[in-house]
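Chemist: what's the 3D shape of this:
(one chain, ligands or ions: 1)
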Amino acid sequence: MLGLSTDQAREQLVRQGPNLLPRVRPVPRWRRVAAEFTHFFALMLWVAAALAFVAGMPELGVAVLVVVVVNGLFSYAQEARAEHAAATLRALLPSQVLAVRDGRPVKIHVSELVAGDAVLLAAGDRVPADVRFVRTNSCTVDESMLSGESEPVAKGPEDTGFGGTFLANGDAEALVIATGGRTRLADIAALTTQTKPPPSPLNRELRRIVRVIALVALALGGLFFLVSLLTGTSWRDAFLFAIGVSVALIPEGLLPTVTLSLAMGAQRMAGRNALVRHLQAVETLGSTTFICTDKTGTLTQNRMSAVELWTPQGSVAVEGTGYEPMAELDGSPAAVAAGRRLARAARAASRGRIVQREQGWAAEGDPMEAALDALAHRMSGGAAPVEERVSVRWAFDAVRRRESVVVDGELLLKGAPEGVLPLCADGTDEAGIEDAHRALADLAARGLRVLAVARRGLPPGAVPERPEEAEARLELLGLVGLHDPPRPSVPEALAKARGAGIKVAMVTGDHPATAAAIAREIGLQEPGGLVLEGHGLPADDQVLGALLDRDGVVVSRVSPEQKLRVARCLQQRGHVLAMTGDGVNDGPALQEADIGVAMGASGTDVAREAADLVLLDDDFATIITAVEQGRATYANIRRFLTYHLTDNVAELTPFVIWALSGGSFPLALGVLQILFLDIGTDLLPALALGSEPPGKRVLNRPPERRHLMDGALMRRVFGVLGPVEALFEMAGFTMLLWLAGWRPGGGLPGPEVLAAASGTAFTVVVLAQLANAFACRSETVPPWQLGWRSNPLLLWAVGAELLALAAFLFVEPIARMLGQAPPTLPGLLVALLAIPGLLAADYAYKSVRHRRSAAAGRQAAAGPR
Ligand SMILES: Nc1ncnc2c1ncn2[C@@H]1O[C@H](COP(=O)(O)OP(=O)(O)OP(=O)(O)O)[C@@H](O)[C@H]1O
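Modeler: Model prediction:
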């Protein structure tokens, strides 16, 4: 027997090291920190700080330096946390291989593999290291990632297989010859790690936002410089304003905060068994509008049991559940005898087996084949093992939909009935075939997966080379009906998807009647719903797209190519498509879909590598949970964008008024105050908004594909929240000046008056932002409907914000540096009024929007469908 003993393997592992690609040397930490201080904006700020010192404004210089340092460290911390989260997620990806240890096949982690190990590979498996094939069975290998060659390469004994390639077809036994850094893949990986992946759509969008805001900031800064010079301000002050405006508006912390939000979303998803393979998938998931799901394992439990046999001699009901080998049989003696032959043949043409574990009997390998093994036990207390006597095996693939073996000169075959029954035409009488068709319709209509089983005695000495030579003139042994219970979580998940405006279709390789019966059982489809068959799909893409674009369609007996076409047609109709797949040939469809979804527990390595999302529990309901998290994360990013930009309006307004008045109206907020608002009081609430838990309602509205910074967000910030905040700020400021006797045109007020007025403006902005933080928690409902304690982080952040405010007002040296003093009582009153003022404006805006969208909804409902 090939392979190592556990002890030998352990020894070799110490000697050879784990089977992992050598880690690309990570960028040293100091370089990553340095990068945060040397990018474009940071450089601009350095220059600004230097100029401030040269111009004799050391406070400003120091303040700008503080901004650079705080922002740089903050960005670094966010990036590091996001990266750490992504690495943790990668480590969760299942990567196991079937190796022979102590003469028995066992599943081990790929990293434990050593040279000398024997491995068993099946179609869809990733070749785990460089290997030499020992035994192969119709084995072809997809080497495109190494050679670029798209056609799979046939492999025979003695051929070499390279780590990282995939078994496209058949199966094989192979000896590991090189692992980890000694594989061919490691050589190539070392060459290619230099190339960076292209930026994702979200990243591009964010960069665009940052660039636009930065340009606006610079342009405004320049404009203020000119205006101030023209109005006779000293160049020193003009310069100070210009720097203040630019620095205040540059959204430096934005990119890392978004990355962190996505990473936290991804982590939350992982906690609920949904593993994204790259962070951006979190956001795409949130805008999913259509889900194509397969059936077995995703909607059902993939715990099959053969419950009914049909043979030409009669039917046999098999009672017994799961993989338990004991059962009661109910049928005539002739039918039971025929059933035994059938079960033996079906088992011989399968490799999945039942094994006894501590928790009871379980499947090893294909669960359906394990059910056939259990059936053989149930029918006759186990069948004599034939594995050793199998001379040829043509493995199952999704196109042939059958598997056959030659044992002792006899061909035994099992497969999808539509493919098998025609092969029986010359070996079985016509009436028998007709009966079989009737039995098939009956079993499938009950939601059972049906397999046909047939045999043929081959002429003595015949050694067929290709399956077509042997698979003809078959004698039909009968049909097996297999039951696979639906997952209990599915009906509720489907209802949630519907509530969220997401359409769901079942796209399966199974029989139309079986698929339709299951679809009805789980509530995907009403009786009489649309059931399409792969070979009957309309040839025109637009017609097909229109046909598919509804909730609850079943597409049965699809080939991998048809699955890919289904994906394309739905995308052409503008859908953001999530598609599940677990098979060897599902890779292209998963890649085509916006979100490819693979199964962690049962899927193939090929599917997992092509996917954006891996379901660790294979459960359909997990996709809906992931969509919910995706929507929540997207909403969070919009929340803190809204919050952040509102503040910018309030910061900019004093400068605009000052400039418009030609310098005669005093400046309400100085540059240092703006910096303290950005870095001191705003930062924590913005972060807390970014970690808002998913609201109960995220799945109660239709999906939207929109830009992060779209019209609605702009209208809310620049039309409502920003102006209201600025209004209270300027009102507080002006009132204090007025009460102190200052009148427009009357020159500049005294320094004490100005300090108290400016302190009032500062307080107004901080308190209004406090209210704003709560307003930003939802785009649709007022904060008092959300529950005050549902985001405890925000309460802490707001507490810290108030403490910071107190420090900036009452700690003498800080207040003096900022040029402000605590507000007087009337000032405080205006500041306090800003809280209900902002909330009321936000409430009014939300109510109007709600009424409008309800009216639009009614109109859409009344209009043509
Ligand atoms: N191991 C096998 N041996 C023989 N026939 C099989 C085997 N597995 C599946 N079949 C047949 O091929 C058909 C398609 O199976 P396939 O596994 O491609 O479907 P699928 O798309 O994975 O289905 P689902 O959506 O239910 O997961 C099955 O309905 C069955 O009739």
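Chemist: got a list of what the closest residue to residue 140 other than its chain neighbours touches?
Modeler: Nearest non-adjacent residue to residue 140, counting by C-beta to C-beta, 6 or more residues apart in numbering: residue 152, 3.8 Å away. Where C-beta positions appear, they are placed from N, C-alpha and C, glycine not excepted. Taking C-beta atoms under 8 Å, 6 or more residues apart in numbering as the criterion, residue 152 is in contact with 140-143, 168-169.
Chemist: next one: whichever helix or strand residue 649 is part of to chain centre, how far?
Modeler: Residue 649 is part of helix 620-660, with elements assigned from DSSP states H and E. Here the centre of helix 620-660 is set off from its chain's centre by 21 Å, with C-alpha atoms, centre = their mean, to the nearest Å.
Chemist: anything in it near the ligand?
Modeler: No: using C-beta under 6 Å from any ligand atom, helix 620-660 never reaches the ligand; the gap is at least 11.4 Å.
Chemist: quick one on the thing from earlier: which of the contacts of residue 152 has the most neighbours?
Modeler: Greatest neighbour count in these, by other C-beta atoms under 10 Å, goes to residue 141: 25 neighbours.
Chemist: which residues does that residue bridge with?
Modeler: Assessed by DSSP bridges, residue 141 has beta-bridge partners residue 153, residue 167.
Chemist: can I assume it is in contact with residue 168?
Modeler: Yes: judged on C-beta atoms under 8 Å, residue 141 makes contact with residue 168 at a distance of 6.3 Å.
Chemist: And for residue 116, the neighbour number?
Modeler: For residue 116, the count of nearby residues is 16 (other C-beta under 10 Å).
Chemist: Please tell me how far it sits from the ligand.
Modeler: Distance, residue 116 to the ligand, using C-beta to the nearest ligand atom, to the nearest Å: 31 Å.
Chemist: Can you give me the pLDDT of that residue?
Modeler: Here, the pLDDT recorded for residue 116 equals 91.
Chemist: Name the SS class of it, please.
Modeler: At residue 116 the chain is in coil, as set by DSSP: H, G, I helix; E, B strand; the rest coil.
Chemist: how about it, what does it touch?
Modeler: Residue 116 touches 4, 8-9, 12, 175-176, counting by C-beta under 8 Å, 6+ apart.
Chemist: circling back to that earlier point, in the contacts of residue 152, find the pair that's most separated.
Modeler: The two members of the contacts of residue 152 with the most space between them (C-beta to C-beta) are 143 and 169, at 13.1 Å.
Chemist: for the stretch 101-250 of the chain, what spans make up the helices?
Modeler: Along the stretch 101-250 of the chain, the stretches classed as helices by DSSP state H, counting those that start in this stretch are 144-147, 184-192, 201-230, 235-249.
Chemist: For residue 297, find the nearest of those helices.
Modeler: Of all the helices of the stretch 101-250 of the chain, helix 144-147 comes closest under C-beta to C-beta, at 26.6 Å.
Chemist: what's the domain layout of this structure?
Modeler: 6-22+94-192, 224-273+628-696+705-862, 275-300+487-618, 307-478 (automatic domain parsing).
Chemist: Same list, those domains, but as a markdown table with distance to residue 215 please.
Modeler: Compiled in a markdown table, the domains of the chain are given as follows (distance: least, C-beta to C-beta, whole Å):
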| stretch | distance to residue 215 |
| --- | --- |
| domain 6-22+94-192 | 35 |
| domain 224-273+628-696+705-862 | 10 |
| domain 275-300+487-618 | 24 |
| domain 307-478 | 53 |
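Chemist: from the ones you listed, which stretch is densest packed?
Modeler: domain 275-300+487-618 (a mean of 21; mean count of other C-beta atoms under 10 Å).
Chemist: roughly how far out does it sit from the chain middle?
Modeler: The answer for domain 275-300+487-618 is 15 Å, by C-alpha atoms, centre = their mean.
Chemist: end-to-end on it?
Modeler: Using C-alpha to C-alpha, to the nearest Å, the end-to-end distance of domain 275-300+487-618 comes to 11 Å.
Chemist: okay, whichever residue of the stretch 551-700 of the chain sits closest to the ligand: pLDDT?
Modeler: Using C-beta to the nearest ligand atom, the single residue of the stretch 551-700 of the chain nearest to the ligand is residue 583, 5.7 Å away. Residue 583 is assigned a predicted lDDT (pLDDT) of 76.
Chemist: what's the answer for the one 4 residues further on, then?
Modeler: What the model reports for residue 587 is a pLDDT of 81.
Chemist: List the contacts of it.
Modeler: Residue 587 neighbours (C-beta under 8 Å, 6+ apart): 581, 606-607, 609-610.
Chemist: Please repeat the previous calculation with a cut-off of 7 Å.
Modeler: Shown here is residue 587, whose contacts under the criterion C-beta atoms under 7 Å, 6 or more residues apart in numbering are 606-607, 610.
Chemist: Need the nearest residue in space to residue 107, chain neighbours excluded.
Modeler: residue 96 (4.8 Å).
Chemist: helix, strand or coil for the spatially closest residue to residue 608 that is not a sequence neighbour?
Modeler: Nearest non-adjacent residue to residue 608, counting by C-beta to C-beta, 6+ apart: residue 598, 4.5 Å away. When classified by three-state DSSP, residue 598 comes out as strand.
Chemist: Can you check what pLDDT the model gives residue 598?
Modeler: On pLDDT, residue 598 comes in at 90.
Chemist: you'd agree it is up against residue 616?
Modeler: No: Residue 598 is not in contact with residue 616 according to C-beta atoms under 7 Å; the separation is 10.5 Å.
Chemist: Any figure for the gap between the residue nearest to residue 107 and the ligand?
Modeler: In this structure, residue 96 and the ligand are 20 Å apart, going by C-beta to the nearest ligand atom.
Chemist: Over to that residue: give its phi and psi.
Modeler: The phi/psi pair for residue 96 (degrees, to the nearest 10) reads phi -120, psi 160.
Chemist: Verify the stated contact: it with residue 109.
Modeler: Yes: using C-beta under 7 Å, residue 96 is in contact with residue 109, at 6.0 Å.
Chemist: Show me where the stretch 251-400 of the chain dips below the pLDDT cut-off.
Modeler: Along the stretch 251-400 of the chain, the parts satisfying pLDDT under 70 run over 251-253, 255-256, 382-384.
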